[in-house]
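Student: Return atomic coordinates for the entry below.
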Amino acid sequence: MSKTARHSTAKTGTAKTRDVVRMPFEEFSAKDIDHLVEELDKTKPAGAVVDVTAMEDSHHSPCLQEMQAIVVQSVGPEGQPVQTFSMYQYCPTCKIAVRVL
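Tutor: Residues are numbered from 1 along each chain as shown. This is a model prediction of the structure:
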């Protein structure tokens, strides 16, 4: 057995924040969507925004409730493409989130 264990999360490299950055496809529990948005807001890149939208045609398979999409992206001048840094899906009923990008 190896002496080093592989962790499913990585810590950010800045001294400014000690928050955990989720890895793609990592599923985790989240108290509520506001808590998740606050966590992402603290760790987002400079100039990025955190947007939340309902996923009307996407339902969480265990409970069949509507999922929420949370996207961390840059904001460019009108007509310019934006860069997506990360995307999450959240089920408010099961209080489960997953990073999908």
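Student: what bits of the protein have low per-residue confidence?
Tutor: Within the chain, the ranges that satisfy pLDDT under 70 run 1-21, 79, 81.
Student: quick one, helices of it?
Tutor: Per DSSP state H, the chain carries helices over the ranges 33-43.
Student: show me what contacts V71?
Tutor: V71 makes contact with 50-51, 53, 84, 86-88 under the criterion C-beta atoms under 8 Å, 6 or more residues apart in numbering. The C-beta positions use only the backbone N, C-alpha and C, and glycine is treated the same way.
Student: er, A30 actually
Tutor: By C-beta under 8 Å, 6+ apart, A30 lies in contact with 36, 90, 95-97.
Student: One more: Y90?
Tutor: Shown in contact with Y90 (C-beta under 8 Å, 6+ apart): 30, 33, 36, 67-70, 96-97.
Student: Any of those buried? List them.
Tutor: 30, 33, 36, 67-68, 70, 96-97 (16 or more other C-beta atoms under 10 Å).
Student: Format those residues as JSON lines; extra columns: distance to M23.
Tutor: Below are the buried ones among the contacts of Y90 laid out as JSON lines (distance: C-beta to C-beta, whole Å):
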{"residue": "A30", "distance to M23": "15"}
{"residue": "I33", "distance to M23": "20"}
{"residue": "L36", "distance to M23": "15"}
{"residue": "M67", "distance to M23": "19"}
{"residue": "Q68", "distance to M23": "20"}
{"residue": "I70", "distance to M23": "16"}
{"residue": "I96", "distance to M23": "16"}
{"residue": "A97", "distance to M23": "13"}
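Student: for the residues you listed, which one is nearest A46?
Tutor: Checking the buried ones among the contacts of Y90 against A46 by C-beta to C-beta gives I70 as the nearest, at 18.7 Å.
Student: what about the residue lying closest to the closest one once chain neighbours are set aside, distance to L64?
Tutor: Distance criterion C-beta to C-beta, 6 or more residues apart in numbering; nearest residue to I70, sequence neighbours excluded, is Y88 at 4.3 Å. According to C-beta to C-beta, to the nearest Å, Y88 and L64 sit 19 Å apart.
Student: Brilliant, that's me finished.
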